[in-house]
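Engineer: Let's see this in three dimensions:
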Amino acid sequence: MYLRIITPKNFRLSPVIPIILHHGNLPFTGETELADLFYQIPGLKKHLPHLLAILVDLSVIEDDNLPRDPNAPELHVVLLMMKVIFSKRKETLKNGFDVILEELQPYSQNPKYRELIRKLWCYVVDNAEKLTETDAEEIETKIREIIGDHNMPTLAQIYIDKGEAKGKAEGKAEGKAEGKVEGKVEDRIEAIIELLEDNFGDVPQVTKDAVAKITDLAVLRRLTLLAGKCKSLAEFKKALK
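Structural biologist: Residues are numbered from 1 along each chain as shown. Modelled structure (predicted):
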């Protein structure tokens, strides 16, 4: 089969500029030359795209040096959140969110930016392991005060909407992790078990029985947080001892 492609005399392809955006606890140590990212097959190296990627490593960029665009204020705040999300110090994360709220406050009546704040808030909840339930409630309260969004759904409502916690009727069981399940002890226990089942499937009866024996609401609140964020049943079981 012969395929002939006819192009105009002055035809040129648009430039292709690869960009690597890295955010994490440690600086980026991978390859930035695209040819090095392909499987190395003998005889094909010269045919691979030899493009040097622009590396944006958020772990080594100072906060003040993050890109800003007056026409797109969301650029700076999203990069800032990605930069501090894995911080080992919760104060760094909380301060970062304060900066975000301050920068977005002038735009807080714009539905686009109100939704951005909510999405960043969900991002924090899903990824910030250092935040306690109290920390989460403090930030949530601050969001409402600064942007004047008193109708913003609570963390629990967000998780319920995402299907990560079923909750109970009458609006008392309010969801996962940092959510404020304000129902009875039985509601808390059931929410914990449902979270574990959602995340890991069948939960051993012995684990269910151990949770059911707990009557301290403070302990149950902590276990609700853990049930939504733990990486395995073993991690959860360890906390029961």
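Engineer: Following the helix or strand bottoming out on mean pLDDT in the chain in sequence, what is the next regular element?
Structural biologist: Among the helical and strand segments of the chain, the one scoring lowest on mean pLDDT, DSSP states H and E is helix 155-162, with a mean of 54. Per DSSP states H and E, the first helix or strand lying C-terminal to helix 155-162 is helix 185-200.
Engineer: So what's the model's average confidence on whichever helix or strand comes after that next one?
Structural biologist: Next in sequence after helix 185-200, counting helices and strands by DSSP H and E, comes helix 205-212. Averaged across helix 205-212, pLDDT comes to 91.
Engineer: where's helix 205-212 relative to the chain centroid, distance-wise?
Structural biologist: 30 Å (Cα atoms, centre = their mean, to the nearest Å).
Engineer: Kindly report the same for stretch 66-76.
Structural biologist: For stretch 66-76, the separation from the chain centroid amounts to 20 Å (computed by Cα atoms, centre = their mean).
Engineer: what about that stretch, how long is it end to end?
Structural biologist: 6 Å (Cα to Cα, to the nearest Å).
Engineer: Next: stretch 25-44.
Structural biologist: Note: stretch 25-44 ends 36 Å apart using Cα to Cα.
Engineer: Which residues outside it are in contact with it?
Structural biologist: Contact with stretch 25-44 is made by 18, 20, 22, 45, 48-53, 55, 57, 59-60, 86, 88, as judged by Cβ atoms under 8 Å, 6 or more residues apart in numbering. (C-beta placed from N, C-alpha, C; glycine too.)
Engineer: Now with 7 Å, please.
Structural biologist: With contact meaning Cβ atoms under 7 Å, 6 or more residues apart in numbering, stretch 25-44 is reached by 18, 20, 22, 45, 48-53, 55, 57, 59-60, 86.
Engineer: Report the rounded mean pLDDT for that stretch.
Structural biologist: In this model, stretch 25-44 carries a mean pLDDT of 87.
Engineer: where are the low-confidence patches of the protein?
Structural biologist: 1-7, 129-130, 149-184 (pLDDT under 70).
Engineer: residue nearest the centroid of it?
Structural biologist: Tyr123 (2.9 Å; Cα atoms, centre = their mean).
Engineer: give me the element that one is part of.
Structural biologist: Secondary structure assignment for Tyr123, by DSSP H and E: helix 111-127.
Engineer: mind listing what's buried in that helix?
Structural biologist: Tyr113, Arg114, Leu116, Ile117, Arg118, Leu120, Trp121, Val124, Val125, Asp126 (16 or more other Cβ atoms under 10 Å).
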